[in-house]
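>>> model the following, please.
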Amino acid sequence: MKKFPFIALAAAALAGCCSKAPQPQTVKEVYEQNLAQATTFADSLIAVDGSFIGGVFNNRFTDYPAEAVGDDKREVLRGIRTIMAVDTADRSYLSGLQMGLEIMDIYRQLASQESFSKEKFLEVISQAFMVDSLNRDELRELQPLFQQMFSTVELRAQQRAEAETYNSKEASENRMMAAAVATKLKSNPDFREVGSDGLMQKTLTEGNGEVISPSQLITVSITERRAESGEVLRSIAPMQVYAGRPGHPVLASVIPFMSVGETAVFFVPYQLAYGTNGDASAKVGPCESIMAEVTIEEIKE
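Next up is the predicted model:
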């Protein structure tokens, strides 16, 4: 009997934290009503403990984001009732329910990237689950193979997404505009093609002429513009980078053709810039080629 007041106080305290969402009754009211109807000591414990535990889970439901628990309390209650209807001695069934929840979560993650049948997914899982020969050694051998297959699936999904982007109207228009700009620049004597991938360069300030080593630390700045309109997309202030690992796709493409002290303007085809998908943060669209003005300075001690 000594723990009874403590639990009752906890239930009363919980009522305050559960009052965020409008309810027909508070947890405290439910608890008091059930306690008033109790005729035995066991009924009293049920009234108090049940109200407290129900209040805790109600509060958890309210606090969890909707994407984690849904927004239908009746569905949550249905799941609770289903579990409570199971004999607690039937541990296999309870374990299956827990595994099923984990598998469903994995399925949701996979289905968000690929469209496939839930029934077929379950059938394959069931077949694998009923295999008796799988031991720990075989599982260890299966793990790297699974990772390799999963990487292949991800790559295929990425390739399909890129193909869809490549064939989009915006990407097609960007490639046409870039082709027109490239044709115009080829007739400009100030520009010269460098490399074999369509990169073109115009030197504004000559550098020292020395080849930059990939391990050399340099100071570099870059201003990116739209190829057809000259609109500034973004400017990156001077920063220190290793020439072979600048951490920027455009710089990685142009630095090998520059020397320290040089400032140059480049026409950068989309393949050497931000690829098929572009870069929304840089306001670069899909398959969009850009102009980039780059300056490389010597690191001063």
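>>> name the spans of the stretch 101-250 of the chain whose pLDDT lies under the cut-off.
Low-confidence segments of the stretch 101-250 of the chain (pLDDT under 70): 113, 133.
>>> now the strands for it?
Using DSSP state E, counting those that start in this stretch, the strands assigned to the stretch 101-250 of the chain run over residues 192-193, 200-205, 217-226, 232-242.
>>> out of the ones you listed, which gets nearest to Gln148?
strand 232-242 (31.5 Å; C-beta to C-beta). No exception for glycine: its C-beta is placed from N, CA and C like everyone else's.
>>> centre of the chain to that closest one, how far?
Chain-centre distance of strand 232-242: 26 Å, with C-alpha atoms, centre = their mean, to the nearest Å.
>>> same deal with stretch 76-96?
33 Å.
>>> so which bits of it are buried?
Using 16 or more other C-beta atoms under 10 Å as the test for burial, stretch 76-96 gives Val76.
>>> just give me the longest helix of this protein.
Longest helix in the chain by number of residues, with DSSP state H as the criterion: helix 136-166.
>>> in CSV: the strands of the stretch 101-250 of the chain, plus distance to Leu97 and mean neighbour count.
Shown next, in CSV, are the strands of the stretch 101-250 of the chain (distance: least, C-beta to C-beta, whole Å; neighbours: other C-beta atoms under 10 Å):
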stretch, distance to Leu97, mean neighbour count
strand 192-193, 65, 14
strand 200-205, 63, 16
strand 217-226, 54, 18
strand 232-242, 52, 13
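>>> mind putting those in CSV, distance to Gln159 included?
Shown next, in CSV, are these (distance: least, C-beta to C-beta, whole Å):
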stretch, distance to Gln159
strand 192-193, 29
strand 200-205, 29
strand 217-226, 27
strand 232-242, 27
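>>> for Ser44, find the nearest of those.
strand 232-242 (68.8 Å).
>>> what angle sits between the closest one and strand 217-226?
Relative orientation of strand 232-242 and strand 217-226, computed by axes from the mean of the first three to the mean of the last three C-alpha atoms, to 10 degrees: 170 degrees.
>>> pull the CA atoms of strand 232-242 into CSV?
C-alpha atoms of strand 232-242 as CSV (Å, rounded to 0.1, in the frame of the first residue of the first chain):
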residue,chain,number,x,y,z
VAL,A,232,27.1,35.7,-61.3
LEU,A,233,26.1,32.4,-59.6
ARG,A,234,28.5,32.7,-56.6
SER,A,235,31.9,33.9,-55.6
ILE,A,236,34.3,32.0,-53.3
ALA,A,237,36.8,34.2,-51.4
PRO,A,238,40.5,33.2,-51.5
MET,A,239,41.0,29.9,-49.6
GLN,A,240,44.0,27.6,-49.1
VAL,A,241,43.7,24.2,-50.8
TYR,A,242,46.0,21.4,-51.9
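>>> understood, closing this out.
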